[in-house]
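Engineer: below is the sequence, then the predicted model.
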Amino acid sequence: MGVKNLLMMQANLVAGIFMLFAACSPVIPQQEVEILKEILFENVDESTDLLKTLTVIMKFNENNVPDDLLEKRRKLFEKRYYNEEVAVVVGNLRKRFDYIALSENLDSYEIDLSERNLAVLPKDIFTGLRNLKKLNLWYNRIDYLESSTFNNLSNLQRLELDSNNLTALSSGTFNGLEILEVLDMSGNKLNCLQPGTFNNLSNLQRLELDSNNLTALSSNIFNGLDKLEDLNLSWNKLNSLQPGTFNNLSNLKYLRIHKNHLTALLSNTFNGLEKLEVLDLSWNNLNSLQPGTFNNLSKLQKLELDNNNLAALLSDTFNGLEKLEVLDLSSNNLESLQPGTFNNLKNLQTLYIYKNSLTALSSDMFNALEKLELLYLSSNKLNSLQPGTFNNLSNLKNLYIRHNNLTSLPKNIFTGLEKLKSLGFCGYKIDKILSKAT
């Protein structure tokens, strides 16, 4: 692709943002080459080499170049024209396009326009960059995107729009990005997402929507994202989740919804997530869990429910989680646990129940947890422990019972804990208690 397309692309990029408009008239290609070499490509010795290199990159209609474009471009690159109070593209632009032009692999390149104080992106600004693989626009002031902004980036694989001021997106914002794999829109001010926003992103594997102002999601918002593996919805203001919201995400492995305002979950909320491995629901306002909430999550390995308002759990709450390895119930309001609560967690290795209000545990509470290695029971209100409470925990390595109301322990309470390496315990007359218990 030729010299002039690079000029036009950069003209759109710079002149569009700075509102530099001028009448169009022909410019001699050789003059462009010489000036470009002086401004952008100092390391290229022969203008013919430069012309050849640029020809590979993009095409250009040589009758469509503003006659004063080169002079305006030259001025923009001079340091005295840099102004952080306006949208500026200068910074690393020179090096970036130099890298593109001199790269050995001209079929794959990236552009970094992060931290440029950009407020707007002119329509069709990225025309001519069909081989662009990664576009970084994070930490700008962008508050609006034209529906056709990314239309020409048919080979884009990664788009980073995080830490801008976007409040809404039109349904056609991401049209043309059929092979996009990563989309990061975290740290914006999104209040809602229109149905169809992600419909054309059939190859998307990771979607970051954390740290926005989302209060609700339509049930079909993620339709079409069949290849999505990682979805981050944390640090929003979600009050509820509609039935079917995740139904079509059959390849999802990581789902993060922590730091929201959820108070309840419907029993079919997570239907369709057969491959889910990590589910983070921590730091919400959940006060109960319906039977069957996690029934279909047969491959789940980590479940985080800490820092909610859970006061009780049904004995079948965790049915179907045979592969679960880590369960975090810390910092809730649990006063008791029903016998059998953990019976189906045959593969559990780490269990956090600290910072609750437990006063007692049944002697068979942990019987099924033969693979458990770490058990945190600290900061509860346990008055006593039943004989045999830890009998079946033959693989336990770390046990913490600090900050409870224990004044005595049954004799041989720690019998069978052959692999125990760390015992966290403090309380009334600790030496006397431990001597009687061992």
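Structural biologist: Perfect, I can see it now.

Engineer: confidence score at Cys426?
Structural biologist: With respect to pLDDT, Cys426 scores 65.

Engineer: to clarify, my last question referred to Glu46.
Structural biologist: Note on Glu46: pLDDT of 40.

Engineer: begin at 19 from now on, thanks
Structural biologist: Okay, using 19 as the starting number, the last item reads as Glu64.

Engineer: how about Glu128, nearest residue that isn't a chain neighbour?
Structural biologist: Excluding its sequence neighbours, the residue lying closest to Glu128 (C-beta to C-beta, 6 or more residues apart in numbering) is Lys152, at 3.6 Å. (Each C-beta comes from the backbone N, C-alpha and C, glycine too.)

Engineer: next, give phi and psi for the one you found.
Structural biologist: Phi and psi for Lys152, reported as degrees, to the nearest 10, are phi -140, psi 130.

Engineer: what's the pLDDT at it?
Structural biologist: Predicted confidence (pLDDT) for Lys152: 92.

Engineer: contact partners for it?
Structural biologist: Lys152 makes contacts with 128-129, 174-178, as judged by C-beta atoms under 8 Å, 6 or more residues apart in numbering.

Engineer: what residues are bridge-paired with it?
Structural biologist: Lys152 forms beta bridges with Glu128, Arg176, as assigned by DSSP bridges.

Engineer: element containing Thr281?
Structural biologist: Assigned by DSSP states H and E, Thr281 belongs to no helix or strand.

Engineer: quick check: the gap between it and Glu391.
Structural biologist: Distance from Thr281 to Glu391, counting by C-beta to C-beta, to the nearest Å: 33 Å.

Engineer: now the strands for this protein?
Structural biologist: Remark: strands assigned in the chain by DSSP state E are 127-130, 150-154, 176-178, 200-202, 224-226, 248-250, 272-274, 296-298, 320-322, 344-346, 368-370, 392-394, 416-418, 440-442.

Engineer: show me how far the longest one is from its chain's centre.
Structural biologist: It refers to strand 150-154. Remark: strand 150-154 is offset 18 Å from the chain centroid, using C-alpha atoms, centre = their mean, to the nearest Å.

Engineer: which parts of the protein are helices?
Structural biologist: Counting by DSSP state H, residue ranges of the helices within the chain are 21-28, 34-35, 47-57, 65-75, 87-95, 111-120, 448-455.

Engineer: least reliable of the ones you listed going by mean pLDDT?
Structural biologist: If you rank the helices of the chain by mean pLDDT, helix 34-35 sits at the bottom with a mean of 31.

Engineer: report pLDDT for Pro428.
Structural biologist: pLDDT, Pro428: 88.

Engineer: circling back: show the buried residues in the contacts of Lys152.
Structural biologist: By neighbour count, with 16 or more other C-beta atoms under 10 Å, the contacts of Lys152 hold 129, 174-178 as buried.

Engineer: what comes up buried for stretch 303-323?
Structural biologist: Buried residues in stretch 303-323, counted by 16+ other C-beta under 10 Å: 304, 306-307, 310-315, 318-323.

Engineer: returning to what we had before: which pair in the buried ones among the contacts of Lys152 spans the largest distance?
Structural biologist: Greatest spacing in those, by C-beta to C-beta: Ile129 and Gln175 (12.8 Å).

Engineer: returning to what we had before: Thr281 and Glu391: which has the busier surroundings?
Structural biologist: Between Thr281 and Glu391, counting by other C-beta atoms under 10 Å, Glu391 is the more crowded of the two (19 against 14).

Engineer: what residues are up against Asn286?
Structural biologist: Asn286 neighbours (C-beta under 8 Å, 6+ apart): 261-262, 310.

Engineer: now with 6 Å, please.
Structural biologist: If you count contacts by C-beta atoms under 6 Å, 6 or more residues apart in numbering, Asn286 has them with Pro261.

Engineer: quick one: pLDDT of it?
Structural biologist: Reported pLDDT at Asn286 in the predicted model: 89.

Engineer: phi first, then psi, for it.
Structural biologist: For Asn286, the backbone dihedrals (degrees, to the nearest 10) come out as phi -110, psi 20.

Engineer: widest-spaced pair of the contacts of Lys152?
Structural biologist: Largest separation among those by C-beta to C-beta: Ile129 and Gln175, giving 12.8 Å.

Engineer: related to what we said a few turns ago, from the contacts of Lys152, which is closest to Phe216?
Structural biologist: The closest of those, once distances to Phe216 are taken by C-beta to C-beta, is Leu177, at 12.1 Å.

Engineer: right, and the closest one touches Leu155 too?
Structural biologist: No. Applying C-beta atoms under 6 Å, one finds Leu177 not in contact with Leu155, separated by 7.7 Å.

Engineer: tell me how far Thr263 lies from Leu273.
Structural biologist: Taking C-beta to C-beta, one finds Thr263 at 10 Å from Leu273.

Engineer: my error: substitute Gln223 in the last question.
Structural biologist: 14 Å.
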